[in-house]
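Colleague: give the three-dimensional model of this entry:
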Amino acid sequence: MSYASVRRRFAAYLVDWIFKGLLALGITASVEQLFPTSSLRDLFDLGFFALAFFAYEIVPIHTRGATLGKRLLGIRVVGAEGRFISLWHSFMREVIGKWISGLFFGLGYLWAIWDRDKQAWHDKLVQTHVIRSSGRARS
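Modeller: Numbering: from 1, shown residues only. Next up is the predicted model:
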């Protein structure tokens, strides 16, 4: 396996951040148009944001091993045997694991800099690797 560099991972994160920002603007504008005076607007915002996060981050990591940013930068997430990870592992990595990685001043993210396998804490939690894409992972 050819592990992705931390620089490439960070660049993919920035691309995803831009895409998610644009998606958030679209969701907010749509909800405001649909519910201009509703007291439930915040609840709808939260629900749509949760759905968008699930559709943008969790499902693509499970089905393709990559978000749009990762695909554009030529990297993907795979399990220990080079296979795509389960939906549950994708959720654990993207939600719980990344929360833990950011908990101590981002040390869990920085861990990939000096780790032999370039794994951040969220990778270690669910035994994933971020690799350079050179073809299709086994499902």
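Colleague: tell me the contacts of the spatially most central residue of the chain?
Modeller: Central residue of the chain (Cα atoms, centre = their mean): residue 57, 4.4 Å from the mean position. Residue 57 makes contact with 16, 67, 90, 94, according to Cβ atoms under 8 Å, 6 or more residues apart in numbering. The C-beta positions use only the backbone N, C-alpha and C, and glycine is treated the same way.
Colleague: just say helix, strand or coil for the closest residue to residue 58 other than its chain neighbours.
Modeller: Among residues not flanking residue 58 along the chain, residue 90 sits closest, at 4.9 Å (Cβ to Cβ, 6 or more residues apart in numbering). Residue 90 falls in the helix class when you classify it by DSSP: H, G, I helix; E, B strand; the rest coil.
Colleague: just the pLDDT at residue 90, thanks.
Modeller: Model confidence at residue 90, given as pLDDT, is 98.
Colleague: gap between it and residue 80?
Modeller: Per Cβ to Cβ, to the nearest Å, residue 90 is found 15 Å from residue 80.
Colleague: pLDDT below threshold where in this protein?
Modeller: 134-139 (pLDDT under 70).
Colleague: which helix is the longest one in it?
Modeller: helix 6-34 (DSSP state H).
Colleague: would you mark the buried spots in that one?
Modeller: Of the residues in helix 6-34, 6, 8-9, 11-12, 15-16, 20, 23, 27, 31 count as buried by neighbour count, 16 or more other Cβ atoms under 10 Å.
Colleague: got it, and stretch 55-75?
Modeller: 56-58, 60-62, 64-71, 73, 75.
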